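K.L.:
Based on what follows, work out the 3D shape:
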Amino acid sequence: MAAQPLPDGKPHTFAVGGGEFTLDGKPFRIISGEMHYPRIPREYWRARLRMARAMGLNAITTYVFWNEHEPTPGTYDFTGNNDVAEFIREAQQEGLYVVLRPGPYVCAEWEFGGYPAWLLKDPTTVIRSSDPRFMAPATRWIKRLGQELAPLQIGNGGPIVLVQVENEYGSFGDDHEYMEANKRALIDAGFTKAQLYTADGPNVIAKGSLPELPVGINFDGNHPNEAQKAFATLKQARPDGPMFNSEFWAGWFDHWGGEHAHTSTATQVANLDWMLRQGYSVSIYMFHGGTSFGWMNGANSSDRKKEYEPDVTSYDYDSALDESGRPTPKFFAFRDAIARDTGVTPPPVPEVAPPIAIAPFKLAESVPLWSTLPQPIESSSPLTMEDIGQSYGYILYRKRVLVPGGPVKLTFDVPHDYAALFANGALAGTLDRRLGQSALTIQAPVAPHTAESLRLDILVENTGRINFSQQIRGERQGLSRFVTINEESTAGWQIYSLPMLHPESLPFSNAACTGPCFYRGTFIVDQPGDTFLDTSQFGKGQLWVNGHNLGRFWNIGPQKTLYLPGPWLKQGANEVVVFDLSGAPDRTLEGLTKPNLGD
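P.N.:
This next block holds a predicted model:
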């Protein structure tokens, strides 16, 4: 087939006609790949987009992440890495159309599925429903997003050809009035110059779709002949088309404590090849996964098992373009299939500068967490992060209790998500939501009297709110409902909010530190470039470089390095800060030229 037209900055019509997508009335096939602007340093957006063109894609797909853009109600941020409009403009400049997925729910293995945590402050709000307490802020958000992105629709001369209504709602519920309300919100926000659509798994189309809109189907490309099976189901539901695979899962994500995903390129190519030979549209999920920097990894769960599986920092996804933007063998296999089936020769593959090594260096300065605590909140009972207006990071609960010497049993509503318990400053045990742990017996100091005053500290980490299933409706972080000591209820708590926004400003010193500690060190770079910081000497915590929050590390793996993008480095001295729950002096960091994701 002949090469299809590139976005030229002029108004065009994009619609459905004759069972196909059409551009100005002529058949148009979308061959897209998904990548997410917050998971890629802004300085690398254009390089990743050029890689998409070089693989033969004519479009890119992206979610919009509400929690990144409205961190507090009514306060919006579209600057820096949140400048989604610029990301879309750069896609157009690189000859790519855009499939926009504005949510407001996105899933994406992203913290709380992209919802801002402040939605949970009122515990009676029913998330992802027609509840006005949810729909009012969601509609307000979509209207504000329209100010940024509606001008970039194809009918206005921009590259956005498709706009998704909600996201895989059929896997969650079947409230069609709720879906209609989401559609109305998009239309009222100005999304009228591109084609609206819904996306669901093939077997739940009826639950999540709207009869007046085309349907995309999402399915796993890691199973042989999955494309044939999925499209057979779509044809039964929507015989008039169009035929669109809106998520072709060409990889998979990793959980802490699990194994690194390895998927079959050959199986994926066979499925992709079959779709392209039919002339169907497709969006590869993910073309380039990137990194869930900061606190933004999500967690998986199901309505049936109600398990908790937090995702690692890397969103490499075993994708065609790896976490640091380098083409993999899968990239070239997909490139060959697309070129063969379309007859269009893609642009040359750009060169990528090699990663750099950073020699081992010590984190010579430190400060104990206990020396950095803010003023506490006094409360008769434990409050969650959401109760006190905190979204991410850690929260500390402190209480003095009189206990007899010997065993002390503590019972909780399961902490969300990882709790380290300290008795008079000494680690007494941990509780891990992954393991369903909700009780712990500690050994209180033996006193010469009948009771001993014990300072109990419970340090809880939000390890990532669930992003999938109806379990999201109960996602409140920290301690909630109850804590009992020797089966008796407790009252009177000091609560410390620890969002860890600017750890570089803490009062570091050269004194040794053990336990929950911040560490600081400096390393020298002659020529900045990508590198992978080896975290294998550390326990569980967070890492910052030059103020950039690279994300979480955890010695249970599988991930043992953190991606450090070259644009975030400076020639000369660079500062790193590490928070480790189980810190110890004299540990070192180094930068490797290859990631260790648990292969």
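K.L.:
For residue 60, grab the count of nearby residues.
P.N.:
The number of residues packed around residue 60, counting by other CB atoms under 10 Å, is 29. Using the backbone N, CA and C atoms, a C-beta is placed for each residue, glycine as well.
K.L.:
Over to residue 207?
P.N.:
Residue 207: 17 surrounding residues under other CB under 10 Å.
K.L.:
Can I take it that it is in a helix?
P.N.:
Yes. Residue 207 sits within a helix when classified using DSSP: H, G, I helix; E, B strand; the rest coil.
K.L.:
Verify the contact between it and residue 200 for me.
P.N.:
Yes. At 7.2 Å, residue 207 counts as touching residue 200 under the criterion of CB atoms under 8 Å.
K.L.:
any shared contact partners between the two?
P.N.:
Counting by CB atoms under 8 Å, 6 or more residues apart in numbering, the residues touching both residue 207 and residue 200 are 169, 170.
K.L.:
tell me the secondary structure for residue 275?
P.N.:
Using three-state DSSP, the structure places residue 275 in helix.
K.L.:
Could you shift the numbering so residue one becomes 446, and keep it that way?
P.N.:
From this message on, residue numbering opens at 446, which makes the last subject residue 720.
K.L.:
Residue 823 pairs with what?
P.N.:
Assessed by DSSP bridges, residue 823 has beta-bridge partners residue 939.
K.L.:
ok, how many other residues are close to it?
P.N.:
9.
K.L.:
In this structure it contacts residue 844, no?
P.N.:
No. Taking contacts as CB under 8 Å, residue 823 lies outside contact range of residue 844: 11.0 Å.
K.L.:
anything in contact with each of these two?
P.N.:
Contact with both residue 823 and residue 844 is made by residues 938, 939, according to CB under 8 Å, 6+ apart.
K.L.:
got any ranges where the protein has weak pLDDT?
P.N.:
446-447, 890-897 (pLDDT under 70).
K.L.:
if you set the cut-off to 80 instead, what comes out?
P.N.:
The model of the chain has pLDDT under 80 over residues 446-447, 848-851, 889-897, 926-927.
K.L.:
All the helices of it, residue numbers only.
P.N.:
Secondary structure of the chain (DSSP state H): helices located at 490-499, 511-514, 529-538, 577-594, 621-633, 650-653, 671-682, 710-723, 774-787.
K.L.:
winner for burial among those helices?
P.N.:
Counting by mean count of other CB atoms under 10 Å, helix 511-514 has the highest mean neighbour count of the helices of the chain, with a mean of 23.
K.L.:
count of neighbours near residue 898?
P.N.:
Using other CB under 10 Å: residue 898 sits among 12 other residues.
K.L.:
I'd say it and residue 845 touch.
P.N.:
Yes. If you go by CB under 8 Å, residue 898 and residue 845 touch, sitting 5.8 Å apart.
K.L.:
before we move on, the earlier item: now the helices of the chain in JSON lines, please, with extra columns for distance to residue 606.
P.N.:
What follows is the helices of the chain, written out as JSON lines (distance: least, CB to CB, whole Å):
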{"stretch": "helix 490-499", "distance to residue 606": "15"}
{"stretch": "helix 511-514", "distance to residue 606": "22"}
{"stretch": "helix 529-538", "distance to residue 606": "11"}
{"stretch": "helix 577-594", "distance to residue 606": "13"}
{"stretch": "helix 621-633", "distance to residue 606": "15"}
{"stretch": "helix 650-653", "distance to residue 606": "21"}
{"stretch": "helix 671-682", "distance to residue 606": "20"}
{"stretch": "helix 710-723", "distance to residue 606": "18"}
{"stretch": "helix 774-787", "distance to residue 606": "18"}
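K.L.:
Tell me who's in contact with the most centrally placed residue in the chain.
P.N.:
Nearest to the geometric centre of the chain sits residue 555, at 2.5 Å (CA atoms, centre = their mean). Contacts of residue 555 were listed using CB under 8 Å, 6+ apart, and they are 508, 510, 512, 737, 741, 742, 743, 912.
K.L.:
Just the buried ones from these?
P.N.:
Neighbour counting by 16 or more other CB atoms under 10 Å classes 508, 510, 512, 737, 741, 742, 743, 912 among the contacts of residue 555 as buried.
K.L.:
What is the neighbour count of the closest residue to the first one other than its chain neighbours?
P.N.:
In space, and not counting its chain neighbours, residue 508 is closest to residue 551: 4.1 Å by CB to CB, 6 or more residues apart in numbering. Neighbour count for residue 551, taken as other CB under 10 Å: 26.
K.L.:
now residue 982
P.N.:
Taking other CB under 10 Å as the criterion, the count of residues near residue 982 is 18.
K.L.:
OK, contacts around residue 745?
P.N.:
Applying CB under 8 Å, 6+ apart to residue 745 gives the contacts 554, 700, 752, 754, 756, 911, 912, 913.
K.L.:
Repeat the analysis, applying 10 Å as the threshold.
P.N.:
By CB atoms under 10 Å, 6 or more residues apart in numbering, the contact set of residue 745 is 552, 554, 698, 700, 752-756, 909, 911-914, 916.
K.L.:
Neighbour-wise, give me the winner out of the residues you listed.
P.N.:
Busiest of the contacts of residue 745 [other CB under 10 Å] is residue 909, holding 30 neighbours.
K.L.:
Next, find the distance separating that residue from residue 717.
P.N.:
To residue 717, residue 909 is 31 Å away according to CB to CB, to the nearest Å.
K.L.:
Any idea how many residues pack against the residue nearest to residue 993 when sequence neighbours are not counted?
P.N.:
With CB to CB, 6+ apart as the criterion, residue 993 has its nearest non-adjacent residue at 4.8 Å, and that residue is residue 1013. By other CB under 10 Å, 17 other residues sit near residue 1013.
K.L.:
Also the one 4 residues further on?
P.N.:
Taking other CB under 10 Å as the neighbour definition, residue 1017 ends up with a count of 10.
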